[in-house]
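Novice: Attaching a predicted model along with its sequence, questions to come.
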Amino acid sequence: MIIGLGNQEPGTRNTSAETRAESVPTCISKHTINSTAQTSLSPASMTLVDSFSAALAHREAKSARRRLTVLPRTAVDFSSNDFLSLSTSSAYRERFLALLNNTPPSFPFASGGSRLLDGNSAYAEDLERFVADFHQAPTALLFNSGYDANVGVLSSIPQPGDVILYDELIHASAHEGMRLSRAGPRKIFAHSSAAGLREALLAQMAEDPKIAAGSRNVFVVVESIYSMDGDVAPIKEFIAVVDDLLPLGNGYFYVDEAHSTGVFGPKGAGVIQELGVQDRMFIRVHTFGKALASHGAMVLCGPETREYLINYARSLIYTTALGFPFLASIRATYELLQTGETESLQRRLQQLIRHLRQQLAALHTAESVMFEVDHFPTSPIISLRTSQPRQLASFCQAKGFVVRAIMPPTIPEGKERVRVCLHSGNTEAEIDELAETIQSWLNQSSTKISKL
């Protein structure tokens, strides 16, 4: 068993759907249809629904089919992104309900349209200013989700011919935004590797003299904390690379802080403010559906960039704006952050992270059983690497613990794992029981192998 103390495997080339736009099969061969879907239909006689069935059967055969599941409410949550347990917090609920109940009876709860038509409000604009001030940003712009924000910004901000350099583990929404953009080269670099960023940037500079001359923009797209591995990006090292190679100021950082919001930084402001480098970021994206127990996202940027997005970000322009209940829930959470009421939850979460690390380090694993623990020290996301993630997850679920097996195409082939997420509302006793359950599964796996 290995407990990793830093970033994970910088040389890995990712093929995941969680971090790239996933390909959907548009043509399935007769052999695939016959062998996988067990149908005698010829390709010419296949209906559209037949092709869906064949594609699903093909994914089933690879143990990669996704399904919606509902686990008992009595199960212990070690899976969701509700890191601060705010979704069940009485303080959050009381503040949220007070905001709802104190509105005039005639105040509309529905937005009524897109922000550019009838969906804007003084409340929404005041919320944007409040969030921008909290994150020490010039301005903020509200989007309906982190996915919408990444798609809208990355599809519109890079100009024709601009270069995008992106970490290989960025989210699928960023890939979708880049796919729709007018940018020129879009080049991958090794995960959380400053050397990889330098190599990719130097290669583009060698191909395009306009980059060194400062007339071609370069966007560096990363996440501050990665959703599957849970590791924290070396932001300051990335800044050093860009400062060294692009001294004319044509390098721009785009950082998705979805999984750090509420968990890291002063009062939960995120990794970037923890490092004190917010002035170096061109765009930051903070989402509210994880540790903040709400919905939506804010893009933090300069005033000119905000106005540009209002005019060109299609995922903002052509969608119904969030209604008042969502705006109130965001406000309630940020008021808790601003007043410091969530800082005790941050500290509690770090205590539990240390406790779980101790428990996992004490597990006994037979040499015949493939099992490793990958974990960045302060992250609430832990990966249990095993060749049998479905079996381990099912074993834990049967004992009342919600954990999830993460399989390709969500993560690359060979990187299968059980993802464990900690929350401020978990207890040491629950963690101990989870560790005991994992140990029982390891013992059973070892016994089965020894009998073969």
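Specialist: Yep, it's here. Numbering: from 1, shown residues only.
Novice: Point out where this protein drops to low pLDDT.
Specialist: Scanning the chain for pLDDT under 70 picks out the ranges 1-44, 447-452.
Novice: same thing but 80
Specialist: Residue ranges of the chain with pLDDT under 80: 1-45, 63-64, 71, 368, 446-452.
Novice: What residue spans form the domains of it?
Specialist: 1-22+69-84+342-452, 90-338 (automatic domain parsing).
Novice: give me the element Lys187 is part of.
Specialist: Per DSSP states H and E: Lys187 is located in strand 186-189.
Novice: Which strands or helices does that strand pack on?
Specialist: strand 163-167, helix 194-207 (3 or more C-beta pairs under 8 Å, 6 or more residues apart in numbering; DSSP states H and E). C-beta coordinates here come from the backbone N, C-alpha and C atoms, glycine included.
Novice: 10 Å - rerun?
Specialist: Contact analysis of strand 186-189 by 3 or more C-beta pairs under 10 Å, 6 or more residues apart in numbering; DSSP states H and E lists strand 163-167, helix 172-180, helix 194-207, strand 218-223 as its packing neighbours.
Novice: May I see these organised as JSON lines, with mean neighbour count and distance to Gly400 added?
Specialist: Conversion of these to JSON lines gives the following (neighbours: other C-beta atoms under 10 Å; distance: least, C-beta to C-beta, whole Å):
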{"stretch": "strand 163-167", "mean neighbour count": "25", "distance to Gly400": "36"}
{"stretch": "helix 172-180", "mean neighbour count": "22", "distance to Gly400": "31"}
{"stretch": "helix 194-207", "mean neighbour count": "17", "distance to Gly400": "42"}
{"stretch": "strand 218-223", "mean neighbour count": "25", "distance to Gly400": "32"}
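Novice: Now tabulate those in CSV and tack on distance to Ala140.
Specialist: Conversion of the helices and strands packed on strand 186-189 to CSV gives the following (distance: least, C-beta to C-beta, whole Å):
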stretch, distance to Ala140
strand 163-167, 23
helix 172-180, 18
helix 194-207, 27
strand 218-223, 19
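Novice: Can you check which of those gets nearest to Pro104?
Specialist: When the helices and strands packed on strand 186-189 are compared by C-beta to C-beta, helix 172-180 sits nearest Pro104, at 36.7 Å.
Novice: My guess is Phe253 contacts Phe282. True?
Specialist: Yes: contact criterion C-beta atoms under 10 Å: Phe253 and Phe282 qualify, at 5.5 Å.
Novice: Strands of the protein, start to end?
Specialist: 76-77, 139-143, 163-167, 186-189, 218-223, 251-256, 283-287, 297-301, 371-374, 381-386, 401-402, 404-406, 417-421 (DSSP state E).
Novice: Select, out of these, the one closest to Met46.
Specialist: Among these, the nearest to Met46 by C-beta to C-beta is strand 404-406 (31.6 Å).
Novice: looking just at contacts, which helices and strands does the closest one meet?
Specialist: Against strand 404-406 (3+ C-beta pairs under 10 Å, 6+ apart) you get strand 381-386, helix 389-398, strand 417-421.
Novice: try 6 Å
Specialist: For strand 404-406, the packing partners by 3 or more C-beta pairs under 6 Å, 6 or more residues apart in numbering; DSSP states H and E come out as helix 389-398, strand 417-421.
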